[in-house]
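> from the sequence below, what's the structure:
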Amino acid sequence: MATVILVRHGRTSANASGTLAGRTPGVRLDDTGTEQARLTAERLAAVPLAAVVTSPLERCRQTAKIITGAHPAAPRTVSERGITECDYGEWQGRLLKDLAKEKLWSVVQTQPSAAAFPGGESLQAMQARSVAAVRRHDAAVEAEHGAGAVWVAVSHGDIIKSVLADALGMHLDLFQRIFVDPASVSIVRYTGARPYVLASNTHAGDLSWLAAPPAKRASRRKAAEDAPVGGGAGPSVRS
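Purely as a prediction, here's the structure:
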């Protein structure tokens, strides 16, 4: 019952200009994105992180470095190609305003499960490999660090949206209903019963409730696998 904190990289110049960067090399955080990542790192500093897993693209590695640099435990960072950006193929590097004129655009918006980018990958393939990678790392973190371990995955907007859709039991055709902003924090806890989405697209707020003592985590394990009827009491406030 590990918990993954999904962090999108901070804003880049491509984001600001409305360009679909995709896997273009050399796309870095701009000044706003660096500040966004710093603020997210401050939130995560209160959480005992077992590991940080990052997309190999530079903007994610930058964000991960800011997170680990601000964390008192300086958790280890590993690169994972399974959570790299979608391969947008011939769409890569083009302006979104121009892509919106393409016939495929409406498919991406309304039936993404049928969308395959010319010269690239399909959104179904993107979701399958990203969900598989997150679940694999989650299981490895729990096996090594025990129930209640928390780790971070630094990735991209469409990747995180597809992971959240899977955790919510949503069809991929509905994943465009989910927003994942630069440097936002979303949280998923996988259990033997089902995944739980604990947070989505958050920009502020205390995360210290994820730092419950190990004994308390273990005692809550079975109860946490069942959905609380009526909504439950929520996490305890730390003094």
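
> low pLDDT regions in the protein?
Counting by pLDDT under 70, the ranges of the chain that qualify are 212-225, 230-239.

> what do you get if the cut-off is 90, keeping everything else the same?
Applying pLDDT under 90 to the chain flags the ranges 1, 73-76, 147-148, 192-193, 211-239.

> and the longest helix for it?
Using DSSP state H to define each element, the chain has its longest helix at helix 123-145.

> show me what counts as buried in that one.
Residues of helix 123-145 classed as buried by neighbour count (16 or more other Cβ atoms under 10 Å): 123, 126-131, 133-135, 137-138, 140-142, 145. (Each C-beta comes from the backbone N, C-alpha and C, glycine too.)

> leaving out the residues flanking it, which one is nearest to A114?
In space, and not counting its chain neighbours, A114 is closest to V107: 5.7 Å by Cβ to Cβ, 6 or more residues apart in numbering.

> Three-state assignment for that neighbour, please.
Look at V107: counting by DSSP: H, G, I helix; E, B strand; the rest coil, its state is helix.

> let's see stretch 89-96 as PDB, backbone CA atoms only.
Extracted in PDB, the C-alpha atoms of stretch 89-96 (Å, rounded to 0.1, in the frame of the first residue of the first chain):
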ATOM      1  CA  GLY A  89       5.600  12.100 -33.900                       C
ATOM      2  CA  GLU A  90       5.000  14.600 -36.600                       C
ATOM      3  CA  TRP A  91       3.000  16.900 -34.200                       C
ATOM      4  CA  GLN A  92       6.100  17.500 -32.100                       C
ATOM      5  CA  GLY A  93       7.400  21.000 -32.200                       C
ATOM      6  CA  ARG A  94       4.300  22.500 -33.800                       C
ATOM      7  CA  LEU A  95       2.100  25.200 -32.400                       C
ATOM      8  CA  LEU A  96      -1.100  24.100 -30.600                       C
END
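
> and the contacts of that stretch?
Stretch 89-96 is contacted from outside by 17-24, 99, 102, 117-121, using Cβ atoms under 8 Å, 6 or more residues apart in numbering.

> please apply the same query to stretch 15-29.
Here stretch 15-29 makes contact (Cβ under 8 Å, 6+ apart) with 9-14, 30, 32-33, 37, 57-59, 62-63, 84-88, 91-97, 99, 120, 182.

> the longest strand along the chain: partners in the sheet, and parallel or antiparallel?
Secondary structure of the chain per DSSP state E: the longest strand is strand 195-202. With DSSP bridges as the test, strand 195-202 is paired with strand 185-190 (antiparallel).
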